[in-house]
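[1] one predicted model, sequence on top.
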Amino acid sequence: RFQTGSTGDRSCMTTQAAAPPVPLSKTAIFGTSGLGGIFGWVMVHPFNTLAVRMNLAQMKPGSTPPSSFFAFAGDLIKKNGVTSLYDGIGAGCLRQVFYATSRYGLFETFRDMLATYRKTDFAQRLVTASVAGGCAAVISCPVEVCLVRMSNDSSLPMAERRNYKGVFDAIMRIAREEGLGAFYRGCQPFVTRAMIVGGTQVATYDQLKQIFASFGVSGFKNTAASSMSAGLIYSLITMPLETAKNRMAFQVADATGKLPYTGTIQTIASVARGSGFFSLYNGFLPYYGRCGGHTVAMFVWVEELRKLIRKM
């Protein structure tokens, strides 16, 4: 009798330990996704500023590719100060309000909806993450244009600077001076990139977590290693699209009103033909720092915020 009772107690304890976490409301899911994205972005925004500026450096007539990441960063800080690394931080955080909130919130919503019809598997996660990423990019594209412009504005000659006072000033001026269509310059590569990131990030992150776990890596170390590795993979895949998005968002029409970049493929081909294929990867190191670093920081923040909510 004692043995039977002990086995029952152990079975009960095992069942309780294996019990899934308490489901969160849609408000909590979307809210923690957005807050995690914002907190993570504050930590990696300097990498984004450096990535955008290195990536757009060759748009200036007669310019040459940056010699190295560290030389470029040192020169920027010497000329404009450390605070210049946070140019456009307001736009970056506002972008996360729309992008991170909708991207991860929609992914979990779509995933749970499909789970009622079929078992969740790799293919389902890949498709739902890609669709959610594309939707989030369309929603946040206007703020993305503001972010690119504000991050790179102070690198221009004084006469060419737009001198936005802040993200809301940028939004008002772009709408008034260039029309609403300007908010969606670079939308095509941004959406394509977001769909690829959504798919590759979720798929590789889940797979790498299992691989690292098989080597005994667990907890935060597993999250960090999986996130940085997933970030490296999708950074390599999406950097040409990031270059196209940056150039299309930052471009200025010529005297006849014609824009130099009109589409994703045309932009990538034009840059590769004019400056060489590897110019599409200018600013890769800070871009990877932004992608990998933000992935780690965001996932950690989201998980901690959700643990806190479940305790309340």
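    Perfect, thanks for sending it.

[2] can you give me the distance of residue 45 to residue 38?
    11 Å (Cβ to Cβ, to the nearest Å). All C-beta atoms are positioned from the backbone trio N, CA, C, and that covers glycine.

[3] more neighbours: which of these two?
    residue 45 (22 against 19; other Cβ atoms under 10 Å).

[4] who are the contact partners of the more buried one?
    Counting by Cβ atoms under 8 Å, 6 or more residues apart in numbering, residue 45 makes contact with 85, 86, 88, 89, 92.

[5] tell me the one among the residues you listed nearest to residue 169.
    Closest approach to residue 169 among those (Cβ to Cβ): residue 88, at 12.1 Å.

[6] isn't the closest one right up against residue 151?
    Yes - assessed by Cβ atoms under 8 Å, residue 88 is found in contact with residue 151 at 4.1 Å.

[7] quick one: pLDDT of residue 9?
    Listed pLDDT for residue 9 reads 51.

[8] turn the contacts of residue 45 into TSV, including pLDDT.
    Shown next, in TSV, are those (pLDDT from 0 to 100):
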residue	pLDDT
85	92
86	93
88	89
89	93
92	90
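
[9] residue 192: which of those is nearest?
    Closest approach between the contacts of residue 45 and residue 192, by Cβ to Cβ: residue 92, at 20.9 Å.

[10] secondary structure class for the closest one?
    helix (DSSP: H, G, I helix; E, B strand; the rest coil).

[11] contacts only, for residue 251.
    185, 259, 260, 261.

[12] emit the PyMOL select command for whichever of the residues you listed are buried.
    Applying 16 or more other Cβ atoms under 10 Å to the contacts of residue 251 leaves a buried subset, and the PyMOL line that selects it is:
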select buried, resi 185+261
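
[13] which two among the contacts of residue 251 are spaced furthest apart?
    Within those, 185 and 260 form the most distant pair, 11.3 Å apart (Cβ to Cβ).

[14] possible to save the contacts of residue 251 as a markdown table with distance to residue 281 and secondary structure?
    Formatted as a markdown table, those follow (distance: Cβ to Cβ, whole Å; DSSP: H, G, I helix; E, B strand; the rest coil):
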| residue | distance to residue 281 | secondary structure |
| --- | --- | --- |
| 185 | 22 | coil |
| 259 | 24 | coil |
| 260 | 20 | coil |
| 261 | 18 | coil |
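
[15] just put the contacts of residue 251 in TSV and tack on distance to residue 289 and pLDDT.
    Listed next are those as TSV, based on distance: Cβ to Cβ, whole Å; pLDDT from 0 to 100:
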residue	distance to residue 289	pLDDT
185	26	86
259	30	89
260	29	90
261	26	91
